[in-house]
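**Q** below: sequence and its predicted model.
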Protein chains: 2
Amino acid sequence: MIHHDITDYLEALFNIQRGEQRKLASELGLQQIHLQILYYLERCNRYSDSLLVLTEFLGQTKGTVSTSVALLVKKGYLIKQPDPVDKRKSHLQLTPTGKDAAARQSALWQAGQTLLGESQSEQVRQALDILLRQLQQANGHKVFGACHSCQHLCCNEDGHHCGLTNEALSSAELQQICVYHQEFCND
Amino acid sequence: MIHHDITDYLEALFNIQRGEQRKLASELGLQQIHLQILYYLERCNRYSDSLLVLTEFLGQTKGTVSTSVALLVKKGYLIKQPDPVDKRKSHLQLTPTGKDAAARQSALWQAGQTLLGESQSEQVRQALDILLRQLQQANGHKVFGACHSCQHLCCNEDGHHCGLTNEALSSAELQQICVYHQEFCND
DNA sequence: ATAATTAAGTTTCGATTCGAAACTATAATA
DNA sequence: TATTATAGTTTCGAATCGAAACTTAATTAT
């Protein structure tokens, strides 16, 4: 048996992911960056659905993202909901069309999800967890995690809330990407 | 402990990979697509270093890829080596500058590679192998694997050769991406 | 052998991405 | 009230992107 690095598998999975994303984008008449925007907006929470946070997530300039978002609005994939308090801000919200496109992206992984037995699945989870945390530290860059791995998360008998904003968090919100996310530091 | 899907980890790893690639591209004054081209050319074999195969790998049109390749040639990342037999073809070869950029992309994974113990690594490899094969079948798209997982690979006491082209393959070549790659079918 | 077809790659076109920088409007601070 | 910071848009030039026409070389059919 010829030796495979784990990274070989990850690279192969990346190539599939990229290929499928491009295929879907082409089918919808969009660019890949548009699907990445829809992916992010499907997963982020109410603190993180602004243009500037999206800009930070994508690693592009705000002018570029502003243009791409404007096109997605024009094509009916999302709408800009003005913030009731801060008149400068808008909340980017997926339309049903946008949610459908985002869901089709996720569908790729659903197939693989049920294929691994639970015990084996657990080992992969543990290994990927180590790999992920090390890469996060090694690269020292913003990670955009969800509440469940955030040091601001507080749990008590009533449920969960964010220690930074002091607002209650539903269990659904614990899974969402947050701009305030702060990984635990193991040093 | 809140449950994490394996796909959550893979998505997080993808986001890191994408962010790092964009960061490197920005530093070099390139676009991400250029790094993807350099990545591919660093890994593909002598049957697969043409513009059309690259086009198939990237999932773009040949006009688009032709333009991007021309820019990479102009910037000194690669050269076009005319095929001695077929005058229509060119072999895309990385210059030292191109190899350096490709190597810097791979460096991201080197850090994670040594962190996982060998035994754990083996289990993760097996699970990812299952995941990869299932996703390949589920999506039924061209996968661009290397010789070691190709049904054309023949092994004997003298070494390896390709059953399709009948040419000998060095052990280094067994690791390279090939356009003729045909996955074993388990049905 | 010549003609028709296929294959490899380039060029052109219009729409869009991309980064940089200037700009507008609102909010926060001094 | 004046200054500064924040959120986002607009403008500009270069490059990507897909589609389609085009060039040249190889292959196939007649």
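**A** Sure, I can see it.
**Q** give me the most central residue, chain A.
**A** With distances taken as C-alpha atoms, centre = their mean, chain A has A:Y40 as the residue nearest its mean C-alpha position (4.5 Å).
**Q** residues contacting it?
**A** Contacts of A:Y40 were listed using C-beta atoms under 8 Å, 6 or more residues apart in numbering or on different chains, and they are A:L54, A:F57, A:L58, A:I177. Any C-beta I mention is one placed from the backbone N, CA and C, and that applies to glycine too.
**Q** any idea which of these is closest to B:N45?
**A** A:L58 (33.9 Å; C-beta to C-beta).
**Q** next one: A:I37 relative to DNA strand C, how far apart?
**A** Applying C-beta to the nearest atom of the strand, to the nearest Å, the value for A:I37 to DNA strand C is 9 Å.
**Q** outline the domain layout of chain A.
**A** Structural domains of chain A, as assigned by automatic domain parsing, span the residue ranges A:33-108, A:142-187.
**Q** now the element after the helix or strand bottoming out on mean pLDDT in chain A, going C-ward?
**A** The element with the least model confidence among the helices and strands of chain A, by mean pLDDT, DSSP states H and E, is helix A:118-139, at a mean of 71. For helix A:118-139, the following helix or strand on the C-terminal side (DSSP states H and E) is strand A:153-156.
**Q** what about the residue in chain A that DNA strand C sits nearest to, how many residues close to it?
**A** Ranked by C-beta to the nearest atom of the strand, the top residue of chain A for proximity to DNA strand C is A:G63, at 2.8 Å. Burial measure for A:G63: 9 neighbouring residues, criterion other C-beta atoms under 10 Å in any protein chain shown.
**Q** what about it, helix or strand, and which?
**A** Using DSSP H and E, A:G63 maps to helix A:62-74.
**Q** what's the average pLDDT for that helix?
**A** The average pLDDT within helix A:62-74 is 97.
**Q** just stretch A:22-41 next, same as before
**A** Over the span of stretch A:22-41, the pLDDT mean works out to 94.
**Q** quick one: that stretch near DNA strand D?
**A** Yes: with C-beta under 7 Å from any atom of the strand as the criterion, DNA strand D is reached by stretch A:22-41 at A:R22, A:S26, A:Q31.
**Q** quick check, nearest of those residues to B:R18?
**A** Within the set of the residues of stretch A:22-41 next to DNA strand D, A:R22 lies nearest B:R18; the separation is 13.4 Å, counting by C-beta to C-beta.
**Q** B:R125 is nearest to which of the domains of chain A?
**A** Evaluated over these, closeness to B:R125 peaks at domain A:33-108, with 21.2 Å, by C-beta to C-beta.
**Q** how far does the closest one sit from its chain's centre?
**A** Here the centre of domain A:33-108 is set off from its chain's centre by 11 Å, with C-alpha atoms, centre = their mean, to the nearest Å.
**Q** close to DNA strand C: what parts of chain A are there?
**A** By the criterion of C-beta under 7 Å from any atom of the strand, the positions of chain A lying close to DNA strand C are A:31, A:33-34, A:59-64, A:67-68, A:71, A:85-88.
**Q** of all those residues, which two lie farthest apart?
**A** In the residues of chain A next to DNA strand C, the most distant members under the criterion C-beta to C-beta are A:Q31 and A:V85, with 33.1 Å between them.
**Q** more neighbours, the two?
**A** With neighbours defined as other C-beta under 10 Å, A:Q31 and A:V85 compare such that A:Q31 has more, 14 against 6.
**Q** for stretch A:166-183, C-alpha coordinates in PDB please.
**A** Presented in PDB, the C-alpha positions along stretch A:166-183 are these (Å, rounded to 0.1, in the frame of the first residue of the first chain):
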ATOM      1  CA  ASN A 166     -25.000  39.800  27.300                       C
ATOM      2  CA  GLU A 167     -27.800  38.600  25.000                       C
ATOM      3  CA  ALA A 168     -29.500  35.200  25.200                       C
ATOM      4  CA  LEU A 169     -28.600  32.700  22.500                       C
ATOM      5  CA  SER A 170     -30.900  30.000  21.200                       C
ATOM      6  CA  SER A 171     -29.500  26.600  20.500                       C
ATOM      7  CA  ALA A 172     -29.800  27.300  16.800                       C
ATOM      8  CA  GLU A 173     -27.600  30.400  17.200                       C
ATOM      9  CA  LEU A 174     -24.900  28.400  18.900                       C
ATOM     10  CA  GLN A 175     -24.200  26.900  15.500                       C
ATOM     11  CA  GLN A 176     -23.900  30.200  13.600                       C
ATOM     12  CA  ILE A 177     -20.700  31.900  12.600                       C
ATOM     13  CA  CYS A 178     -20.000  35.000  14.700                       C
ATOM     14  CA  VAL A 179     -17.800  38.000  14.100                       C
ATOM     15  CA  TYR A 180     -17.000  38.200  17.800                       C
ATOM     16  CA  HIS A 181     -15.900  34.600  17.900                       C
ATOM     17  CA  GLN A 182     -12.800  34.100  20.100                       C
ATOM     18  CA  GLU A 183     -11.200  30.600  20.200                       C
END
